[in-house]
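> from the sequence below, what's the structure:
(one chain, ligands or ions: 2)
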Amino acid sequence: MADSIASPIAGPIAVTLGDPNGIGPEIVLKACAAPALAPALRERLLVVGDPALLAREAARLSLPMPPRIEPLACTTEGAATAVESAAATAGTAARTAPLAEFLPGRIDARAGHAAWRFVVHAARMALAGQAAAVVTAPLSKEAMHAAGHDYPGHTELLAELADGADVRMMLANDELRTVLVSIHLSLREAIERVTRQNVLSTIAITHTALLRAGIARPRIAVAGLNPHAGESGAFGREELEAIAPAVADARARGIDASGPFAPDTVFMRARGFRKFDAVVAMYHDQGLIPVKYLGLEEGVNITIGLPFVRTSPDHGTAFDIAGRPGPDGRGLADPRSMLAAIRRAAELAGISPCAGAPHPAGAAARP
Ligand SMILES: NC(=O)c1ccc[n+]([C@@H]2O[C@H](COP(=O)([O-])OP(=O)(O)OC[C@H]3O[C@@H](n4cnc5c(N)ncnc54)[C@H](O)[C@@H]3O)[C@@H](O)[C@H]2O)c1
Ligand SMILES: N[C@H](C(=O)O)[C@H](O)COP(=O)(O)O
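Numbers count the residues shown, from 1 in each chain. Ligands and ions are numbered 1, 2, ... in the order given. Predicted coordinates for the structure are as follows:
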């Protein structure tokens with residue numbers, strides 16, 4: 001992962017539109033127009049999506065269009081304005097529909113297909129060195145699956161596009177970073193993934209990501225799986241048989257890893273980065289709840305282990321509020337997590353996120 005680098009990566013920051021029927025288009029437009037966004041950073045943003053869809057949303061919300069758009073049509077109107085290569089449109093024409101058929105809040109395979117295309121295109125740009133980073137607006141896994149794209153989420157799709165890179169999901173805000181041993185699995189399967197090798201790989205990928213972010217001696221806390229981290233085997237043996245040996249392996253490699261710690265208290269010990277720079281969590285909800293609970297508006301999802309920078313907001317498509325006008329007609333979707341994702345991507349790509357504008361979070365590059 002290119003977490004933080006000495007010289008900036010060239011090219012735009014590709015921002016995907018997400019599921020057209022979710023809040024993606026709204027938060028992308030709001031983030032692009034946010035007064036808190038530095039003008040120089042705004043100019044680096046390249047929105048990957050359908051221009052007609054963006055224009056409809058911009059008119060609804062009385063917002064300007066983003067300065068730069070990479071046109072990928074999912075509507076027939078977008079197809080009229082988009083200049084796409086034959087390769088880009090191959091196999092998708094049949095799924096292009098009139099703009100009026102893209103309805104906010106609706107799970108629709110055509111929207112899922114469009115969201116998938118936006119991500120694939122942006123990732124290919126980054127892999128080809130044509131984009132400095134990728135920031136993804138939320139997509140609906142259900143709609144993507146309905147379109148026949150059988151990925152649990154962006155993370156797994158991006159890993160495949162990057163030749164099967166060994167990636168992990170990190171969620172970060174200004175107080176906490178958590179990294180997951182496994183992501184989108186049943187809890188039963190997630191427990192099976194708590195192996196010595198998986199835990200060790202997660203610690204190692206986390207260590208590399210933190211080093212690249214400029215943290216000279218990353219301190220990594222490792223959570224247990226069971227209540228009280230198993231209480232010496234009384235409540236489960238995963239700590240004794242997999243997690244503690246993985247921590248020992250990591251330490252033998254010179255990594256400052258410690259644990260397993262009781263999962264219910266390790267996050268508060270890590271909060272504020274006073275004792276630890278990151279917590280390795282044993283499964284999805286163990287690691288994501290603490291960050292999301294601190295506020296959806298600041299959290300950023302970062303894929304570590306990829307050959308390019310990828311961030312996203314830490315929330316989903318919010319179909320329940322998509323397209324809703326709100327009391328002032330400007331929509332209900334909060335763009336702050338998207339803004340945080342854009343700023344974090346810029347930092348990780350070596351681009352100043354705050355040139356010419358205040359950066360509320362302050363601070364140096366961090367994943
Ligand atoms: N990065 C991603 O692509 C991503 C991340 C998480 C979930 N998802 C997908 O999103 C869909 C819905 O997931 P969910 O309902 O569990 O979570 P969600 O984050 O979409 O919604 C949870 C709650 O938070 C609210 N909310 C979320 N973002 C908001 C914002 N920016 N402003 C105001 N309110 C906001 C919603 O209205 C809802 O009440 C699922 O298909 C899921 O797979 C995608
Ligand atoms: N697990 C993430 C979350 O709940 O925030 C989300 O599903 C995003 O996953 P991808 O980045 O893989 O789409």
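> residues from the stretch 51-200 of the chain in reach of ligand 1?
Residues of the stretch 51-200 of the chain lying close to ligand 1 by CB under 6 Å from any ligand atom are 138-142, 154. Quick note: C-beta positions are derived from backbone N, CA and C, even for glycine.
> among the residues you listed, who's most crowded?
Sorting these by how many neighbours each has (other CB atoms under 10 Å) puts residue 139 first, at 30 neighbours.
> got the contact list for it?
With contact set as CB atoms under 8 Å, 6 or more residues apart in numbering, residue 139 has these partners: 18-19, 22, 24, 112, 115-116, 119, 154, 317.
> what subset of those is also close to ligand 2?
On the criterion CB under 6 Å from any ligand atom, residue 154 are the entries of the contacts of residue 139 that sit beside ligand 2.
> filter the contacts of residue 139 down to the ones in strands?
Secondary-structure check on the contacts of residue 139 using DSSP state E: no residue lies within strands.
> can you select the buried ones from the contacts of residue 139 in PyMOL?
The PyMOL selection below is limited to those of those classed as buried (16 or more other CB atoms under 10 Å):
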select buried, resi 18+19+22+24+112+115+116+119+154+317
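> reformat the contacts of residue 139 as a markdown table; add distance to residue 276.
What follows is the contacts of residue 139, written out as a markdown table (distance: CB to CB, whole Å):
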| residue | distance to residue 276 |
| --- | --- |
| 18 | 32 |
| 19 | 35 |
| 22 | 34 |
| 24 | 33 |
| 112 | 38 |
| 115 | 35 |
| 116 | 36 |
| 119 | 32 |
| 154 | 26 |
| 317 | 32 |
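> which among the contacts of residue 139 gets closest to ligand 2?
Proximity of the contacts of residue 139 to ligand 2, judged by CB to the nearest ligand atom, is greatest for residue 154, which lies at 3.4 Å.
> surely the closest one meets residue 119?
Yes: using CB atoms under 8 Å, residue 154 is in contact with residue 119, at 6.0 Å.
> mind listing the shared neighbours of the two?
Between them, residue 154 and residue 119 have 136, 139 as joint contacts when contacts are counted by CB under 8 Å, 6+ apart.
> need the contact list for residue 224.
Applying CB under 8 Å, 6+ apart, the residues near residue 224 are 230, 238-239, 243, 259-263, 282.
> picking up where we left off before, just the ones of the residues of the stretch 51-200 of the chain next to ligand 1 in helices?
Filtering those for membership in helices, criterion DSSP state H, returns 141-142, 154.
> what's the distance between the closest residue to residue 286 other than its chain neighbours and ligand 1?
If the residues on either side of it in the chain are set aside, residue 286 comes closest to residue 263, at 5.8 Å by CB to CB, 6 or more residues apart in numbering. Residue 263 sits at a distance of 22 Å from ligand 1 (criterion: CB to the nearest ligand atom, to the nearest Å).
> and residue 263, its phi and psi?
The main-chain torsion angles of residue 263 are listed as degrees, to the nearest 10 and equal phi -60, psi -30.
> measure it to ligand 2 for me?
Between residue 263 and ligand 2 the distance is 18 Å, computed by CB to the nearest ligand atom.
> how many neighbours does that residue have?
22.
> and if you look at the one 5 residues further on?
One way to gauge burial is a neighbour count; for residue 268, by other CB under 10 Å, it gives 10.
> ok, now which ones touch it?
Applying CB under 8 Å, 6+ apart, we find residue 268 in contact with no residue.
> let me see the contact set for the nearest residue to residue 282 once chain neighbours are set aside.
With sequence-adjacent residues excluded and distances taken as CB to CB, 6+ apart, residue 282 is closest to residue 225, at 4.5 Å. Counting by CB under 8 Å, 6+ apart, residue 225 makes contact with 191, 194, 236, 238-239, 243, 260, 263, 282-283.
> can you put those in JSON lines and add secondary structure and pLDDT?
Formatted as JSON lines, these follow (DSSP: H, G, I helix; E, B strand; the rest coil; pLDDT from 0 to 100):
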{"residue": "191", "secondary structure": "helix", "pLDDT": "97"}
{"residue": "194", "secondary structure": "coil", "pLDDT": "98"}
{"residue": "236", "secondary structure": "coil", "pLDDT": "93"}
{"residue": "238", "secondary structure": "helix", "pLDDT": "96"}
{"residue": "239", "secondary structure": "helix", "pLDDT": "97"}
{"residue": "243", "secondary structure": "helix", "pLDDT": "98"}
{"residue": "260", "secondary structure": "strand", "pLDDT": "98"}
{"residue": "263", "secondary structure": "helix", "pLDDT": "97"}
{"residue": "282", "secondary structure": "coil", "pLDDT": "98"}
{"residue": "283", "secondary structure": "coil", "pLDDT": "98"}
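> which bits of the stretch 201-350 of the chain sit near ligand 1?
With CB under 6 Å from any ligand atom as the criterion, the stretch 201-350 of the chain meets ligand 1 at residues 296, 301, 312, 315-318, 320-321, 332-334, 337.
> whichever of those residues end up buried, select them in ChimeraX.
To isolate the buried subset of these in ChimeraX, counting by 16+ other CB under 10 Å, use the following:
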select :296,301,312,315,316,317,318,321,332,333,334,337
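> among the residues of the stretch 201-350 of the chain next to ligand 1, which lie within strands?
Using DSSP E, the subset of these located in strands is 301, 312.
> and the residues of the stretch 201-350 of the chain next to ligand 1 as JSON lines, adding distance to residue 13?
Rendered in JSON lines, the data for these read as follows (distance: CB to CB, whole Å):
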{"residue": "296", "distance to residue 13": "21"}
{"residue": "301", "distance to residue 13": "16"}
{"residue": "312", "distance to residue 13": "12"}
{"residue": "315", "distance to residue 13": "19"}
{"residue": "316", "distance to residue 13": "21"}
{"residue": "317", "distance to residue 13": "21"}
{"residue": "318", "distance to residue 13": "23"}
{"residue": "320", "distance to residue 13": "29"}
{"residue": "321", "distance to residue 13": "26"}
{"residue": "332", "distance to residue 13": "26"}
{"residue": "333", "distance to residue 13": "20"}
{"residue": "334", "distance to residue 13": "20"}
{"residue": "337", "distance to residue 13": "16"}
